[in-house]
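[1] Quick one, fold the following:
(one chain, ligands or ions: 2)
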Amino acid sequence: MKNNKKVVTLAYGCQMSERDAETLTEITRHFGYSSSNDLETADLVIVNTCCVRESAENKILGKIGELKKLKERNINVKIAISGCLVQQPGVLERLQKRAPHVDIWTGTHNLHDFHTLLQRVEQGEKVAEIWQEPKVTSEVAPLAEKGKLHANVNIMYGCDNFCSYCIVPHVRGRERSRRPQEILQEIESLVDSGCREVTLLGQNVNSYGKEFSPAYDFADLLQQVDQIPLLSRIRFITSHPKDLSDKLIETVAEGEKVCEHFHLPIQSGSNYILERMNRKYTREYYLSRVQKIREFIPNASLTTDIIVGFPGESEVDFEQTLAMMKQAHYSQAFTFMYSKRSGTLAAEMEDQIPLDIKKRRLQKLMSIQNQESLEWRKNMIGKLVEVLVEGPSKTNPERLTGRTRGYELVVFSGNLETIGSLVNVRISEAGSWTLIGEVELA
Ligand code: SAM
Ligand code: SF4
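    Residues are numbered from 1 along each chain as shown. Ligands and ions are numbered 1, 2, ... in the order given. Prediction:
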């Protein structure tokens, strides 16, 4: 269908949110919209939201406010707000009062139905439709834009873990796995349109397929994806440490295309805090998993998520988190101040930590992790690493950029014709955030 309309899609939050935003964009494409980055000439603006932390929520509220001015300049532009923030119980009413300029409000469970909402709005209605539960497990599997090298692929939805700080299970519902056949077909069609690297997404990929009979788990899925011709690389996030099996570690060690990178969020190094977080593992168990990874895959890179200032976290608990960072040797860590999310168990805990202490702990944690990450990168100097060439570097267009199998960013001089292929790069320098190197021909 062709109608020459333009859609601008803005995604906040995790890769799942980005993936949902892509799905929404793809649906509008089927109805004649083409994607654009220019708000001033847009016919439709979609904001796919996040509510994992208050900071994300505030940014989004600011953006919704800005869009009011856009609507004043262009009365015809339609505005859609979707995703986790809208799905939170009781939030829609508050948002609607605050932002009457919004045309579509929709949650996380009815993405595939977006076109019907859009049609109603195009006929002059304002719509708000939030499903309390998902009614379908499959998704509209969108075809990737031609030439896109990397794609995120949902393998499962929702979460059953109920970590006490986390809003995700409340807004994304219970865990459900997509059928392997459906996932494999989606990846094959992505590869047909030029994709060479996929990231398999789930809140806890290690519990993928737990409802399947006969038994079929995430390691089985990885083995099958590994067989897809022309696909170069497979990544996956997120691995919950409590469910990380030996079978999965062995599969990553053996898989040709599976990258040797585990994103294994620790959240805290203190057993007392881990228990209050309802993470269901201890620091000793976590370290035993790390040891197993290093035993099977000595060069595996490990990244993590850490929360500081969880209710009840003492200086001693925090010191244990710092010690953990030194023991686990993460190549990178995503660090957050605890943010109170209403509706979660931790929000009701009494011993909340004051903001100034959270800020101080975050600073300390980040400075230690920066040293650790630099150390990790320095250890790569002199090594020959495989890089999937993504394109010209943003900071230096004369040079190319891409990622190693361990997800480290590399900047190197090379030939534009190699974009989309794997090259070997000899690392010569470790910068603050990147590695520098030269292509070495085989
Ligand atoms: N399912 C993933 C897991 O278990 O690791 C994480 C998904 S969550 C979108 C990403 C990260 O956000 C979490 O690992 C956690 O570190 C952080 N996070 C979640 N809730 C938070 C909160 N209330 N305050 C601060 N950080 C939070
Ligand atoms: Fe949130 Fe825990 Fe589920 Fe991750 S595993 S999404 S942190 S509840």
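
[2] what's the average pLDDT for the helix or strand harbouring residue 388?
    Using DSSP states H and E, residue 388 maps to strand 384-392. Taken as a whole, strand 384-392 has a mean pLDDT of 96.

[3] who does that strand touch, helix- and strand-wise?
    For strand 384-392, the packing partners by 3 or more Cβ pairs under 8 Å, 6 or more residues apart in numbering; DSSP states H and E come out as strand 400-403, strand 409-413, strand 422-430. The C-beta positions use only the backbone N, C-alpha and C, and glycine is treated the same way.

[4] In the last one, which residues are buried?
    In other words, strand 422-430. For strand 422-430, a neighbour-count test (16 or more other Cβ atoms under 10 Å) marks 423, 425, 427, 430 as buried.

[5] partners of that strand, with directions?
    With DSSP bridges as the test, strand 422-430 is paired with strand 384-392 (antiparallel), strand 435-439 (antiparallel).

[6] re earlier: which ones among the buried residues of strand 422-430 also lie next to ligand 2?
    Among those, none lies close to ligand 2 by the criterion of Cβ under 6 Å from any ligand atom.

[7] Make a markdown table out of those and add distance to residue 236 and pLDDT.
    Below are these laid out as a markdown table (distance: Cβ to Cβ, whole Å; pLDDT from 0 to 100):
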| residue | distance to residue 236 | pLDDT |
| --- | --- | --- |
| 423 | 23 | 96 |
| 425 | 23 | 97 |
| 427 | 25 | 97 |
| 430 | 26 | 97 |
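
[8] and of those, the nearest to ligand 2?
    Of all the buried residues of strand 422-430, ligand 2 sits closest to residue 430, with 31.0 Å by Cβ to the nearest ligand atom.

[9] Which strand residues bridge that closest one?
    For residue 430, the beta-bridge partners are residue 435 (DSSP bridges).

[10] Now for it: which residues touch it?
    374, 377-378, 380-381, 436 (Cβ atoms under 8 Å, 6 or more residues apart in numbering).

[11] Return the residues of the stretch 251-400 of the chain in contact with ligand 1.
    265, 267, 305, 307, 336, 338-339, 341.

[12] Swap in 8 Å and give it another go.
    The stretch 251-400 of the chain comes close to ligand 1 at residues 263, 265, 267, 305-307, 334, 336-341, 344, 346, as judged by Cβ under 8 Å from any ligand atom.

[13] Out of the residues you listed, which end up buried?
    Buried members of those, counted by 16+ other Cβ under 10 Å: 263, 265, 267, 306-307, 336-339, 341, 344, 346.

[14] which of the residues you listed come close to ligand 2?
    265, 267.

[15] Take the buried ones among the residues of the stretch 251-400 of the chain next to ligand 1 and keep only those in strands.
    Counting by DSSP state E, those place 263, 306-307, 336-337 in strands.

[16] which secondary structure elements does the lengthiest helix in the chain contact?
    For the chain, the helix that runs over the most residues, judged by DSSP state H, is helix 355-378. Counting contacts by 3+ Cβ pairs under 8 Å, 6+ apart, helix 355-378 is packed against strand 301-308, helix 315-328, strand 332-337, strand 422-430.

[17] need those in JSON lines with distance to residue 100, can you?
    Output for the helices and strands packed on helix 355-378, formatted as JSON lines (distance: least, Cβ to Cβ, whole Å):
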{"stretch": "strand 301-308", "distance to residue 100": "36"}
{"stretch": "helix 315-328", "distance to residue 100": "44"}
{"stretch": "strand 332-337", "distance to residue 100": "33"}
{"stretch": "strand 422-430", "distance to residue 100": "52"}
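
[18] can you tell which of those is closest to residue 198?
    strand 422-430 (14.8 Å; Cβ to Cβ).

[19] Okay, angle between the closest one and strand 409-413 too, please.
    Angle, strand 422-430 to strand 409-413, by axes from the mean of the first three to the mean of the last three Cα atoms, to 10 degrees: 100 degrees.

[20] Now tell me what touches the strand holding residue 388 from outside.
    Strand 384-392 is touched from outside by 149-150, 196-197, 232-233, 398-406, 408, 410, 412, 414, 416, 418-427, 435, 437, 440, with contacts defined as Cβ under 8 Å, 6+ apart.

[21] Same question for stretch 362-375.
    306, 308-309, 321-322, 325-326, 329-333, 335-337, 430, 432.

[22] buried set for the strand holding residue 388?
    So strand 384-392, judged by 16+ other Cβ under 10 Å, has buried residues 385-390.

[23] Same question for stretch 103-117.
    Taking 16+ other Cβ under 10 Å as the criterion, stretch 103-117 shows 103-114, 117 as buried.

[24] a markdown table for those residues, including pLDDT?
    Listed next are these as a markdown table, based on pLDDT from 0 to 100:
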| residue | pLDDT |
| --- | --- |
| 103 | 98 |
| 104 | 98 |
| 105 | 98 |
| 106 | 96 |
| 107 | 95 |
| 108 | 93 |
| 109 | 93 |
| 110 | 90 |
| 111 | 90 |
| 112 | 88 |
| 113 | 90 |
| 114 | 95 |
| 117 | 96 |
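
[25] any weak-confidence spans in the chain?
    The chain contains residues with pLDDT under 70 at 1-3, 136-147.

[26] how about the residues of it near ligand 2?
    Residues of the chain lying near ligand 2 (Cβ under 8 Å from any ligand atom): 159-163, 165-169, 172, 203-204, 238, 240, 265, 267, 278-279, 305.

[27] that older thread, ok, the buried ones among the residues of the stretch 251-400 of the chain next to ligand 1 vs residue 69, which is closest?
    residue 339 (28.0 Å).
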